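Asker: Need the 3D shape of this:
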Amino acid sequence: MAVKPNVPSPFCFQGAWFFPPVSPRGLEQVESFEVRDDDVFVSAFPKSGTTWTQQIVSLVTSGSNFSEVSKIDMNKRVPWLESADLLGGPDAPPIISVLKDSPSPRLMKTHLSYGMLPKQAREGKGKIVYCARNPKDVVVSVHNMAQMNDLLDPLSWEEGLEKFLSAPPANSWWNVIPEYWRHKDDDYLLFIKYEDMKKDLRGHVVKIAEFLGRTLTAEQVDEVTANCTFTAMKENPATNVSRNPIMQEKVFKRGRERGIEFVRKGKVGDWRNWFSPQQLEKFEAFHREKMAGTDLTFEDEE
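Answerer: Residues are numbered from 1 along each chain as shown. Alright, predicted model coming up:
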């Protein structure tokens, strides 16, 4: 896995490849992490609606003052379980070390596969909200993230697409997502789709609140929904972190130069602007083969 100069090197952990700011020291602590009954894990494959789901979860659990809560940096509201502090330098402690002493209820984001989640979470302690997205839109979003994030290798579209299809099993979309799907009926896991949230955002605010045991009035649901629209999140530096001056300087210089933002389009079906007919044919054949026997499907357009 060769990378270009000035790009942090990936590393392998239990057969999966990770990039900074994921912390090797943090990953080592995940399996034995002591989960509390009121913990909430927001989980998703990268670029699949993680921040959107974090925003909803953090607001429905905040109790009130949704607009004020929405102004708090997302990494503070829903820390990234397996990472180190992006702004803390190479010697920063892993986030999980800080979370161990954080007050309840704890909200945590993760991109880990189901099998790499804390053991107690897999046994049903706490709650997991999992968001999945059409892989064709995922690979487009992954490509654009690499173009704007200084920590990632800015591969061409063709290179990035091939890398997505040839990812090792532990990193493959076609292994990670079906693994979570198999647990969709477990009472501690809520499996939602990006495309469904686009169709009915308010309904998903209600669904997530009910899953987490939170009762909101109709007015509160409306306020949470208003703070979770694409437009609101794009204009909010707490969610569109490429508009955070510190993050812009530390992580997203390339994005500023190229005019690409962390919250970019948020559309279903943007893949149509990227795939050639030949690439699409190859991708869909690969998808059909890998998903054979699985009843999980995704919408192709809004």
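
Asker: quick one: the helices in the stretch 201-302 of the chain?
Answerer: All helices of the stretch 201-302 of the chain, identified by DSSP state H, counting those that start in this stretch, fall at 201-211, 218-227, 230-235, 245-250, 253-258, 277-290.

Asker: closest to residue 72 out of those?
Answerer: helix 218-227 (11.7 Å; Cβ to Cβ). C-beta: built from backbone N, CA, C; applies to glycine.

Asker: Show the pLDDT at the residue nearest the centre of the chain.
Answerer: The centre of the chain sits closest to residue 50, judged by Cα atoms, centre = their mean, with a distance of 2.9 Å. For residue 50, the model assigns a pLDDT of 95.

Asker: Could I get the phi/psi values of it?
Answerer: Note on residue 50: backbone dihedrals following degrees, to the nearest 10 are phi -60, psi -50.

Asker: So it is in contact with residue 56, correct?
Answerer: No. Taking contacts as Cβ atoms under 8 Å, residue 50 lies outside contact range of residue 56: 11.1 Å.

Asker: In terms of helices and strands, where is the nearest residue to residue 114 once chain neighbours are set aside?
Answerer: Excluding its sequence neighbours, the residue lying closest to residue 114 (Cβ to Cβ, 6 or more residues apart in numbering) is residue 179, at 4.5 Å. Assigned by DSSP states H and E, residue 179 belongs to helix 173-181.

Asker: could I have that helix exported to PDB, CA atoms only?
Answerer: What follows is helix 173-181, C-alpha atoms only, in PDB (Å, rounded to 0.1, in the frame of the first residue of the first chain):
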ATOM      1  CA  TRP A 173     -18.000  -2.600   1.800                       C
ATOM      2  CA  TRP A 174     -19.400  -6.000   0.700                       C
ATOM      3  CA  ASN A 175     -18.300  -7.600   3.900                       C
ATOM      4  CA  VAL A 176     -18.800  -4.800   6.400                       C
ATOM      5  CA  ILE A 177     -22.400  -3.800   5.500                       C
ATOM      6  CA  PRO A 178     -23.900  -7.300   5.200                       C
ATOM      7  CA  GLU A 179     -22.400  -8.100   8.600                       C
ATOM      8  CA  TYR A 180     -24.300  -5.300  10.200                       C
ATOM      9  CA  TRP A 181     -27.400  -6.200   8.200                       C
END
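
Asker: what packs against whichever helix or strand comes after that helix?
Answerer: Heading C-terminal from helix 173-181, the first helix or strand you meet, by DSSP H and E, is strand 189-193. Contact here means 3 or more Cβ pairs under 8 Å, 6 or more residues apart in numbering; DSSP states H and E; on that basis strand 189-193 packs against strand 127-132, helix 173-181, helix 201-211.

Asker: at 7 Å instead, please
Answerer: Applying 3 or more Cβ pairs under 7 Å, 6 or more residues apart in numbering; DSSP states H and E, one finds that strand 189-193 makes contact with strand 127-132, helix 201-211.

Asker: Taking strand 127-132 as reference, get the angle to it.
Answerer: Relative orientation of strand 189-193 and strand 127-132, computed by axes from the mean of the first three to the mean of the last three Cα atoms, to 10 degrees: 20 degrees.

Asker: what's the angle between strand 189-193 and helix 173-181?
Answerer: Relative orientation of strand 189-193 and helix 173-181, computed by the same axes, to 10 degrees: 130 degrees.

Asker: which neighbours does strand 189-193 have in its sheet, and in what orientation?
Answerer: strand 127-132 (parallel) (DSSP bridges).

Asker: can I have the partner strand written out in PDB, keeping just the CAs?
Answerer: Taking C-alpha atoms only, strand 127-132 is exported to PDB below (Å, rounded to 0.1, in the frame of the first residue of the first chain):
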ATOM      1  CA  LYS A 127     -27.300   0.900  21.500                       C
ATOM      2  CA  ILE A 128     -26.000   1.000  18.000                       C
ATOM      3  CA  VAL A 129     -27.400   3.200  15.200                       C
ATOM      4  CA  TYR A 130     -26.000   2.000  11.900                       C
ATOM      5  CA  CYS A 131     -26.300   4.000   8.700                       C
ATOM      6  CA  ALA A 132     -25.700   2.300   5.300                       C
END
